[in-house]
Structures are given as structure tokens and as C-alpha cells.
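1. Got a predicted model here, sequence first, then my questions.
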Amino acid sequence: MAGSGKLANVRLPPLPTVGELIKLYNLRAEKQLSQNFLLDLRLTDKIVRQAGRLKGAHVCEVGPGPGGLTRSILNAGAADLLLVEKDTRFIPGLKLLSEAAPGRVRIVHGDILTYRMDRGFPANISKKWEEVPPNLHIIGNLPFNVATPLIIKWLNNIADRTGPFVFGRTQLTLTFQKEVAERLTASTGSKQRSRLSIMAQYLCTVHNCFTIPGRAFVPKPEVDVGVVHFTPLVQPQIQQPFQLVEKVVRNLFQFRRKHCYKGVEKLFPEACRDELTQEMMQKADVDPTLRPTELTIPHVRALADAYAHLCTREPGLLSYEFREELRLKHLLRKGDTPVDAFMDTSGSTLQSPLQPC
């Protein structure tokens, strides 16, 4: 790996353009993989600038594809660039970039959803969680079909301080469909306010940097693209396990146009629904007639804390799922009650949610 002292001249030598590489290796964006290439290096430079100062930094680029963003990261002075690419067609072009920046690029042929990034960088770059973020950045022009599941996975990692966040408060600079970018950064009361808004903002400072018009991509997607920057918070705004928060928020937003107590109701089995809903709303001291989009993070924190209290008292509550109850009712009406209907994912027998609490 090149040390930062050897990076006085970080600009890449003359190389074929990204467009020429695409022709050279006969690369086509695969529609089923939601691939869209960004060929304008002025735009890839602009994305990279949102990450902050990269000179001497460690960077993981997610899905580099033909390498447009890769060039901008290298030109910004990254000392150690880990490329995680699932599509084998792009590897030869990325190797060409690696040869042009000796000692600075590592290529992993793998899926970012399963790749162990906690093993991808040296431990000595780590910072304590309370300190400034480590000199490690995740950057990616993400395929649309993987962007949302990936950010949920990383938010879970932030809550648990696992994956890329074993090194500290690693920052992310990522692209999303414009609508998703707006949801991630939506403020209380806005029509874009969603489950994603709460989950991202209770764990991170989230900034919608700028929008790239769809026409800048090849092939042109039907939507524009937003660039979003995330910095994990030193202290999460909700002090409950990620899975519990996610369950409360998911239930709240399944009826986004109705009063919030409607979503809260579905956290509880029918036999004790009214009683526990009323108790949870009172304990949280949240107006039950607020719409989910009107809930602030302190509101959601109070609701999550109240739900956690009830789950401590009634241990079976956390594993209860309203939609599973509907499925079981349907099976019972048909006279069909398979054994696995009353098993959780670990194989343990659960109390039927059709029984009283």
C-alpha cells in the first residue's frame, strides 16, 4: 500500500476513457441488475468531493462497474482503494486501473451484501466511537435494486457497531433514486417522511448533497439520482435494539395516512390489542391522532421505549407479527395448521398469537 508521503502525484497516467473501456470490453448495462453507468468525470469528481478530503484515505467503493467513480477516487488521492464488484465483466477494466495506480487498488470479486468489510482494512485505522470518524470512507453509485436493502443492512451495522463500523463512525457517500434520497432526508411533516427517514436519522446525520439528472447516465434511467452523505451519530437518538426500533417504525408507517395509534395496534395480538395500545400510547405520552409523518424522532423514541417496557413484561410480544396472525387465521379457516406455523426462525415453538396474551 502506498503511504500518503508517496502520493504527491496522485493523478492517473493517460488511460482509455470510460466510454472507450466500455467499447473495448463490450460492456452493456444489465437492466435486470439496475445498472446505469456515469461517464461524466466532472460528475464523478463532484460525488467524491461530498465524501470530504480523501488524500491518504482508505476507501471502499461499492460496485465500481466500468470505473468512472474509481478514477475520481484515485485522483482525489486515496492511498488504499478496495473495489467490491459482483459482475465479472468489469474486472478486466478495473485491473487496468489497478495497474495505473500501483499499490493503491485491491479488487474483490464478490457481493457487497455478504462481503465481510470488517476484515477488509487494517485494524490500526480504527478510531473510538466517540472520536472523529476514521480515515475510511464507503462510496458507491449503487444499482437501484440493491440500494435500499444495503443501507438498511449498514444502518443495522451502525446500531451494532459491526461490519464497516468496527473501525469507528465510518462515513458513507452513496447514490439512490431521487425519491429514496428524499425519503432518507425528509423532515417531520413532509410528504416524503417515511420509515426510511426515521431509521436513517435516528442513527446518522444524513445530508442530501445534490441531484444528478437521469440523462447523465447510460442507459438513461426513468428517474433522477440523489447523492446522500451519512455520518453515524456518536449517540443514537433511540437507545433500543435495531430490530425493535425497526418493528415499531414499520408498523407505524404501514398506515401512513391514518392516526398513528392504528399502526401501534398491530404490534399486539387481537386478544389484548386495545388494552396494550392504550397503555403504550399513554406511557409514551404521544398524541394518538398524529399521523405517522408528523411523528418526530423523540416521539418514536418514546414509543419504542414504551414498547420495550411492554416486551419485558410480556416476552412473547417481540416475536408477534400481525401479518403472521392473518396467515394463521387463513390456515385455520381452511382447517390446515402446519407445525411450522407455530415455529419461529430458530425452530422454537411459539405461543399462538391467536391465544390471549
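-> Looks like it arrived, so ask away. Bear in mind the structure is a predicted one, so any value in this text is a computation, not a measurement.

2. what's near enough to touch the residue positioned nearest the centre of the chain?
-> The centroid of the chain falls nearest to residue 151 when counting by Cα atoms, centre = their mean (0.7 Å). Taking Cβ atoms under 8 Å, 6 or more residues apart in numbering as the criterion, residue 151 is in contact with 174, 176, 184, 196, 200. Placement of C-beta: from N, CA and C, glycine included.

3. Regarding it, which helix or strand does it belong to?
-> Secondary structure here is read from DSSP states H and E; on that basis residue 151 sits in helix 144-160.

4. C-terminal to that helix, what's the next element?
-> Moving toward the C-terminus from helix 144-160, the next element (DSSP H and E) is strand 171-177.

5. got the angle for that following strand vs helix 144-160?
-> Between strand 171-177 and helix 144-160, the angle formed by their directions is 150 degrees, by axes from the mean of the first three to the mean of the last three Cα atoms, to 10 degrees.

6. Distance check, residue 124 against residue 12.
-> Here residue 124 is placed at a distance of 27 Å from residue 12 (Cβ to Cβ, to the nearest Å).

7. neighbour count winner among those two?
-> It is residue 12, of residue 124 and residue 12, that has more neighbours when counted by other Cβ atoms under 10 Å, with 15 against 6.

8. Identify the residue spatially nearest to the more buried one, adjacent ones excluded.
-> In this structure, residue 12 finds its nearest non-sequential neighbour in residue 100, 5.1 Å apart by Cβ to Cβ, 6 or more residues apart in numbering.

9. That neighbour and residue 62: what is the separation?
-> When residue 100 is compared with residue 62 (using Cβ to Cβ), they lie 21 Å apart.

10. And residue 141, by the same measure?
-> With distances taken as Cβ to Cβ, residue 141 is found 8 Å from residue 62.

11. what's the answer for residue 11, then?
-> 24 Å.

12. need the contact list for the residue nearest to residue 162 when sequence neighbours are not counted.
-> Nearest in space to residue 162, with sequence neighbours left out and distances taken as Cβ to Cβ, 6+ apart, is residue 118 at 6.7 Å. Residue 118 makes contact with 162-164, 166-167, according to Cβ under 8 Å, 6+ apart.

13. and what of residue 134?
-> Taking Cβ under 8 Å, 6+ apart as the test, what residue 134 contacts is 58, 125-127, 167-170.

14. Buried members of those residues into ChimeraX, please.
-> Here is the ChimeraX command that picks out the buried ones among the contacts of residue 134, judged by 16 or more other Cβ atoms under 10 Å:
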select :58,167,168,169,170
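
15. For the closest residue to residue 62 other than its chain neighbours, the count of nearby residues, please.
-> Residue nearest to residue 62 in three dimensions, not counting chain neighbours: residue 140, with 3.2 Å by Cβ to Cβ, 6+ apart. Residue 140 has 22 neighbours, counted by other Cβ under 10 Å.

16. Residue 140 against residue 61, yeah?
-> Yes - shown here, residue 140 and residue 61 form a contact pair, counting by Cβ atoms under 8 Å, at 6.0 Å.

17. And the pLDDT for residue 268?
-> As summarised for this prediction, residue 268 has a pLDDT of 97.

18. give me the number of residues near it?
-> Number of residues near residue 268 (other Cβ under 10 Å) recorded here: 25.

19. ok, it to residue 46 distance?
-> 48 Å.

20. Next: residue 279.
-> 51 Å.

21. swap in residue 92?
-> Relative to residue 46, residue 92 is positioned 27 Å away (Cβ to Cβ).

22. Of those two, give the one with the bigger neighbour count.
-> Set side by side, residue 92 and residue 46 show more neighbours around residue 46, with 15 against 12, by other Cβ under 10 Å.

23. correct me, but residue 108 touches residue 81?
-> No - the pair residue 108 / residue 81 is not scored as a contact, 11.2 Å apart, by Cβ under 8 Å.
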